[in-house]
Structures are given as structure tokens and as C-alpha cells.
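Student: No letters, just coordinates:
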DNA sequence: ACGTTGAATGACAGCGTTATCACAATGGAA
DNA sequence: TTCCATTGTGATAACGCTGTCATTCAACGT
């Protein structure tokens, strides 16, 4: 008995195989796979059956070559906070699989290389677009260069609004304002801030919200109480030590993200300053590290994963006009904040 | 004056554009781009110049369709340790850009879905192969299913050796043995271990090395001193508390990775047990968290990023026979280990 | 002078898919 | 009954590239 060409073939089945099996033309198979109309139900069923039997999956490369329709999306990041990156990835991947897209990662080592790298990536893969996450979304000239090359863009948490570019953000100013208010409400008056790197738009907004809250409470802004980190744990160490060794040290420190807040706590601990008894600490992001350090961090829950997911949506939906979307945040109070020591005396 | 078709065209230049500009056939352009021989230097120069002028980048999709040569590699992970995943990504991305490949991420939510997801990914994108990282590399049936679908595989730190599959590992048994010896050398005799999840091969090997060191030092193995986590920070909390509340609590705890070791320290801190004075802690991985917690962790430096990079190498090099490679580790002593309290009395 | 060789190049057929257009079959209106 | 939409279907040409094989041309040996 001659062996029929059964299913256990080597290389993946192609559209031709399915067409042959279903006794139709490849175009009909294509129609069925793309859910086009004008196919008789019984023909459709026959094709689907054949496809199933052969375990057929359209080759996305051929598909995108022929249709000009992309199947890849670039996710660009370059953020020292590993938790932030992870959240971005998780959010983007979840949505991408729902959309039938695949994600290629790009992590340019510097803003200068970013332009070249990303142009190359886009030219090579003809991808649907790029999702830029902080801080690359704010790299000067980058967006212009990419736009000029006709690459669709969605930017997560950009520093400034831009026409022609889809954007997903949250109200950093408001969030920083509210969490600073929380410290003020507890009685803190001498509050320091460890700002994020100037290259991140968010750094600026958070500092603004912080200052607004102080001003509104009638607390003078003391330049001595501002320091800057790069959003990494380590970058907060030295600045914190300097702050805590001040003649009049702060009773609370607002770190621009949780990694740095963890650095603040570590430094305080090293100097024998107990948190929250003698120093309150707040962070930003509600990343996993917020509940890893002890005490747990009072922080702002930022919907990072969701922002990435929405950015993807905007990217693929993006017909012409760039949309901007704003997601909500939450203030999460945990153990790292308390009434300041001076407060009880007063 | 009629405008010549200048460089600022819309869609990316194709091989035909370059061929026309350089006044050669597309095949010659192809030859130049692929650095084949048999092209006159001056022709090559002319083509390169035209390509440069048009900012031409070969379309990888068309390329891989035509040549059957892939340009994507799948990186599969599903690991609760964010630092581990990050290190894997960093290593893989670095090498992939050197190799001219792009990485698509896959994070199956469960071992069951993994097979379907990965088969689909592979069929759709015709990728060069998959890099499996723990614990998916050990998911039962997965490797067989993928192998049967003719997908090339490289596994990082697999539980057991497999023919036909490239592997990169380190000597977990030896590393665990050595770091346990370090504890023993300091005078610890009552040492607990928080094992990793049984789904990870490494969990088993590390426990083996641990037991070997104890046995060799003549210390009896006490089942009471073994606990199990899932490699996440949180999973170490409850087991540690249970260990420390034992009638005869351990003077040292060996956690199977750094995240869990951080959990051990956090728990000890919560219970008012100072590290390393009353409890020594060692971890495994030397992930960033090792120097974020206080005291810093004594741990095993595992070349995670490099393992991923080597896995990629093996994947693309892989001609027939599966190779296995073993990378070196280092023991890093930091502040979380000290002489046990009982030891001074003796 | 005449093959013979080998280097340089080009024509053209795929790769697996979608898009365009033509064609056959059906059904209703004239 | 004839004609024209309408619906379902199939040839066949792209898409941008590589592989195969043919072709051209100069240089060499006899």
C-alpha cells in the first residue's frame, strides 16, 4: 500500500499544500485564512479542515512581504530600572499576542546610537512601528528622524506632547503633588527630593508636582534639599547620604522612583537612621522592589504595563491623527511613611 | 527643471532601486550586500555608493523568504526572577545584534501553553531556533515536541543533558558545594537550605551540592532544615520564618537564589534577628539585588548573560551534533556571612 | 589564429503569500 | 428567452530578495 503524503512531513505546510488538500486554489485558502467574504460556507469548512489537518500556519514573512502589512513591532527601551522595563515588556507582550503581532526588542546603548539602530531595525524588518519608552522617547532629534523615515511611533510617558505621535501617559505632576501632600499632611515640613535624570520627562513633571505641593502648603523651596539620581538603586546612595548629613537633615525624602527610594532606605539604614521613625520615604512606580525593602514603600502605583499595552493599541490603530491617552494612578500608603520626630515635640 | 527622483522618497529603497542607480543587475547588488566574491572592486564600490546614497537596507523578510535563512531567534523565558530574565535578555540581545539577528520574546504563561505557543511562533516566523531558559527548558515533553517540529534548540541550564540539543550550563553542584563549604569553614554546623522549585533543574543540583558539602564535613542532613521556594522574593518569606522559629534554628541559610536570599534577610530583620551576627545568609546568582539588600549578599556569581550569549552562538552554529558548554562561576563573599554566634562560645 | 579557461555579470525562476482581474455559474429582470 | 448583476472561484502577477545557470569578456596557451 502506497503511503499517502501524511501529516508527519518535515517542513511546515504551505498554502499550496492546503490548497491541494482541500482541492481549491491557493487564493481561496488565502481568502479563508484572512476571513474575506465571498467564500461558500462549505468551501470554507473544507479549507479549514485541511489547514487543521496539516497544522498549517501562514508564514508571516511571506505574508508581510506580499501584503505590505507588518507583523512585527519594535519595543525600544533603555531604562536603568529593571522593574520598569519588565512591566513594559509584560504589558506589551500580552497585548501583542492578542493582536497577532510579535515583539522585537531594541535596547540602544545610547541616545546617539538609537537613531541609527532604530532606522536600521525599521528598514530591515518593515515593522508596524516602534514603541518608545522613557527615556528614549525624549531623546532630542530621535522622533523627528524616525518620523521622517515614515516610521509609526507610540511614546510612553513622553516629556512633552507632540503632534503626529501617539502618546500614553499618566499625570505625573498630579501624582507627585498628591504624594507630597501626604507627607505634608503627616506633619513633614522639611522634605527632600531625589529627582530622576533630566533625560526623562517624568523627572521634570514629578519635581514640578513636588514643588507645587510645597508651595501650596506654604513651605519654602530649599535648593539644598534637591538631589538627582538616574533612577537606579545605586544612584540614590551618595545623594541620600549627603542629604542626611546636612546640618538640618530632611525628615522625609521623596525619591522619583522606587528603586531610588530603596536606595534611600538602604542608606538610612547604613547610617543608623530608622525608617519611618526618623525618616519617611516615598517612591514612585509601585514596582516589586516597593514591597521587597523593609519597611515597604509608600508610593504611587503607575500602570506601566497597561501603558505599554495601550501604546501598542494606538500604534496599530493609528490612522492619521495621533492620539494621546492618560491613565489613572493610585497613591499606595505603606510602612515607609510616618509622622516626623520633630512633629510630636511641637 | 524636472525633479529627478531624488533620495527623499517615501518607502525604503529596494534592491532594484540600488541596481538602477549603480547601473548593474539586482543580482550584483545582492552579491555585494552578501559579500560574495567575484565582484570587481570598482563595481563593488559603485554599488556600495549607490546603496549608501539611497540609504538602502535589505529587507530581512524578503531575504529570509528567498534564502530560507532566518533572521529571528526566539527567546523563551518564564522565570519569576526578574533579574535573571533581565540578564538573559541583555546577553542574548548583545550577541544577536552582533550576529545580525533579531530577538522575539516569548513568555508562555504556563508549561502547557508553551508547546502550542512556541510551535505557532516557530511556524509563523520560521525562526532560526529557540533559546529555552529555565524553567521551560525542563518542561516535560516540550523539547520532544519542538524537536519533532524540526525547531533548533539551545537550552540554558537544563536539568538533564539531552542529545540533539545544544546546552549551556554551569556547574551548579560544584558552586553550591563551594559556597556551603564557605559557611562550614566559618564554623556553621546548623545550616538550612531554601531550595528552588522542583521544576528548575538547577534547584536539584544546588541542593545536591549543598548536601554533599555537609556530608563531607560530617554534618548530618536534617530534613527539618530544608524548605522550598519558587525563586521569588516573596516565596522565601514564610519558609524562612518557619525555619527561624524552629526550636534549634539554623545559624546560616543557603537560599537557592539571591531573590530568595533577600527574602531571608527581610524575614530575619522582621523577626529582629540580625544578619550576619546571628544569621548568615548566602544566595546564588549575584543578581543586582545582592548588593541592594543590606548586608550585601555572599553569593555565587553566575554568568547568566554570557550563558544566553553562548546559547545563541550554539544555536546559529549548530551543525548537526549538539554541543554542551560549561561556564565558570565565582564565589563572592560579602557582608551577609560571618562566624556563627555559638561558635565563639565553643 | 583559435580554442580554453576563469572571472565578472546578468536573466530568470523561485520563496509563500496577497492582490488584481478574469471567468464561470447562478438568479432575477427584461 | 436573453441579458446583466452578483457570487464564488482560479490564473497569474507582484512583493524583495537569493540561487542557479547562462552568458560575456579578457587572458592565456598552443
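Tutor: The structure has been received and is ready for your questions. Just so it is clear, the structure is predicted and the values come from calculations on it, not from any experiment.

Student: Please determine how far the residue of the stretch 201-346 of chain A found nearest DNA strand D is located from residue A:95.
Tutor: Proximity of the stretch 201-346 of chain A to DNA strand D (CB to the nearest atom of the strand) peaks at residue A:316, 20.9 Å away. Any C-beta I mention is one placed from the backbone N, CA and C, and that applies to glycine too. Per CB to CB, to the nearest Å, residue A:316 is found 9 Å from residue A:95.

Student: Counting neighbours around each, name which of those two comes out higher.
Tutor: The neighbour comparison of residue A:316 against residue A:95 (other CB atoms under 10 Å in any protein chain shown) goes to residue A:95, with 22 against 19.

Student: wait, what's in contact with that one?
Tutor: A:308, A:309, A:312, A:313 (CB atoms under 8 Å, 6 or more residues apart in numbering or on different chains).

Student: in the stretch 1-150 of chain A, which spans are strands?
Tutor: A:72-76, A:102-106, A:130-132 (DSSP state E, counting those that start in this stretch).

Student: Need the mean per-residue confidence for stretch A:145-152.
Tutor: Mean per-residue pLDDT for stretch A:145-152: 87.

Student: what ranges of chain A fall below the confidence cut-off?
Tutor: Applying pLDDT under 70 to chain A flags the ranges A:1-10, A:318-321, A:342-346.

Student: how much space between the closest residue to residue A:129 other than its chain neighbours and residue A:312?
Tutor: The spatial neighbour of residue A:129 that comes closest, neighbours along the chain excluded (CB to CB, 6 or more residues apart in numbering or on different chains), is residue A:152 at 3.2 Å. From residue A:152 across to residue A:312, the span is 11 Å (CB to CB).

Student: Could you check which of the two is surrounded by more residues?
Tutor: residue A:312 (28 against 22).

Student: Could you tell me how far the residue lying closest to that one once chain neighbours are set aside is located from DNA strand D?
Tutor: Nearest non-adjacent residue to residue A:312, counting by CB to CB, 6+ apart: residue A:95, 4.6 Å away. With distances taken as CB to the nearest atom of the strand, to the nearest Å, residue A:95 is found 27 Å from DNA strand D.

Student: quick one, longest helix in chain A?
Tutor: Using DSSP state H to define each element, chain A has its longest helix at helix A:82-99.

Student: show me the contacts for the residue nearest to residue A:129.
Tutor: A:128, A:129, A:130, A:315, A:318.

Student: so who does the first one touch?
Tutor: Read that as residue A:128. Counting by CB under 8 Å, 6+ apart, residue A:128 has contacts A:70, A:71, A:72, A:73, A:101, A:152, A:315, A:316.

Student: tally of neighbours for residue A:272?
Tutor: 7.

Student: Helix, strand or coil: sort out it for me.
Tutor: Here residue A:272 is coil, with the state taken from DSSP: H, G, I helix; E, B strand; the rest coil.

Student: where does it sit relative to residue A:56, distance-wise?
Tutor: Distance from residue A:272 to residue A:56, by CB to CB: 67 Å.

Student: so the nearest residue to residue A:267 once chain neighbours are set aside is in which element?
Tutor: Spatial nearest neighbour of residue A:267, chain neighbours left out: residue A:240 (4.0 Å); criterion: CB to CB, 6+ apart. Using DSSP states H and E, residue A:240 sits within helix A:237-244.

Student: Just checking, which helix or strand succeeds that helix along the chain?
Tutor: For helix A:237-244, the following helix or strand on the C-terminal side (DSSP H and E) is strand A:252-255.

Student: Which elements pack onto that next one?
Tutor: When contacts are defined as 3 or more CB pairs under 8 Å, 6 or more residues apart in numbering or on different chains; DSSP states H and E, strand A:252-255 sits against helix A:172-186, strand A:191-195, helix A:258-270, strand A:280-282.

Student: now the first one against strand A:191-195, angle please.
Tutor: In this case it means helix A:172-186. Relative orientation of helix A:172-186 versus strand A:191-195 (axes from the mean of the first three to the mean of the last three CA atoms, to 10 degrees): 150 degrees.

Student: Can you mark which positions in helix A:172-186 are buried?
Tutor: For helix A:172-186, burial by neighbour count (16 or more other CB atoms under 10 Å in any protein chain shown) applies to A:172-184, A:186.

Student: quick one: contacts of that helix?
Tutor: A:157, A:191, A:202, A:205-210, A:212-214, A:217, A:219, A:252, A:254, A:280, A:282, A:284, A:298-300, A:302, A:329, A:331, A:333, A:337-340, A:343.

Student: again, 6 Å this time
Tutor: A:191, A:202, A:205-206, A:208-210, A:212-213, A:217, A:252, A:282, A:300, A:329, A:331, A:339 (CB atoms under 6 Å, 6 or more residues apart in numbering or on different chains).

Student: Need the max-distance pair from those.
Tutor: Greatest spacing in those, by CB to CB: A:202 and A:339 (28.8 Å).

Student: More neighbours: which of those two?
Tutor: residue A:202 (28 against 15).

Student: name the element the more buried one belongs to?
Tutor: Element membership for residue A:202 (DSSP H and E) is helix A:201-216.

Student: gap between that helix and the chain center?
Tutor: Chain-centre distance of helix A:201-216: 21 Å, with CA atoms, centre = their mean, to the nearest Å.

Student: what does stretch A:12-30 give?
Tutor: 41 Å.

Student: Which secondary structure element is home to the residue of the stretch 201-346 of chain A closest to DNA strand D?
Tutor: Going by DSSP H and E, residue A:316 is part of helix A:304-317.

Student: Adjacent strands (with direction) for the helix or strand that that helix is followed by?
Tutor: Sequence order places strand A:324-327 as the next helix or strand after helix A:304-317, per DSSP H and E. Sheet partners assigned to strand A:324-327 using DSSP bridges are listed as strand A:166-170 (parallel).

Student: Now tell me what touches the partner strand from outside.
Tutor: A:154-158, A:302, A:307, A:310-311, A:314, A:318, A:322-327, A:329.

Student: what's the angle from that strand to helix A:201-216?
Tutor: Angle, strand A:166-170 to helix A:201-216, by the same axes, to 10 degrees: 40 degrees.

Student: Give me the buried positions along strand A:166-170.
Tutor: A:166, A:167, A:168, A:169, A:170.

Student: cool, stretch A:289-296 as well?
Tutor: So for stretch A:289-296, counting by 16+ other CB under 10 Å, buried means A:289, A:290, A:291, A:292, A:293, A:294, A:295, A:296.

Student: The last one: what secondary structure?
Tutor: Okay, so that is residue A:296. Per three-state DSSP, residue A:296 ends up coil.

Student: What of the fifth one?
Tutor: Secondary structure, three-state DSSP: residue A:293 is coil.

Student: which residues touch it?
Tutor: A:262, A:265 are the contacts of residue A:293 under CB under 6 Å, 6+ apart.

Student: just the fourth one next, same as before
Tutor: Counting by CB under 6 Å, 6+ apart, residue A:292 makes contact with residue B:233.

Student: From residue A:283, how far out is it?
Tutor: Counting by CB to CB - residue A:292 and residue A:283 are separated by 12 Å.

Student: likewise the first one?
Tutor: Using CB to CB, residue A:289 is found at 8 Å from residue A:283.

Student: if I look at these two, which residues touch both of them?
Tutor: What both residue A:289 and residue A:283 touch, as defined by CB under 6 Å, 6+ apart, is the set residue A:258.

Student: Quick check: the residue lying closest to residue A:141 once chain neighbours are set aside vs residue A:149, distance?
Tutor: Nearest residue to residue A:141, sequence neighbours excluded (CB to CB, 6+ apart): residue A:115, at 7.0 Å. Distance of residue A:115 to residue A:149, given as CB to CB: 9 Å.

Student: Just want to know which of those two has more residues nearby.
Tutor: residue A:115 (18 against 15).

Student: Would you check that that one makes contact with residue A:145?
Tutor: Yes - using CB atoms under 6 Å as the test, residue A:115 is close enough to residue A:145 to be in contact (4.9 Å).

Student: which ones are touching the residue nearest to residue A:126 when sequence neighbours are not counted?
Tutor: Among residues not flanking residue A:126 along the chain, residue A:70 sits closest, at 5.6 Å (CB to CB, 6+ apart). Neighbour list for residue A:70: A:64, A:126, A:127, A:128 [criterion: CB under 6 Å, 6+ apart].
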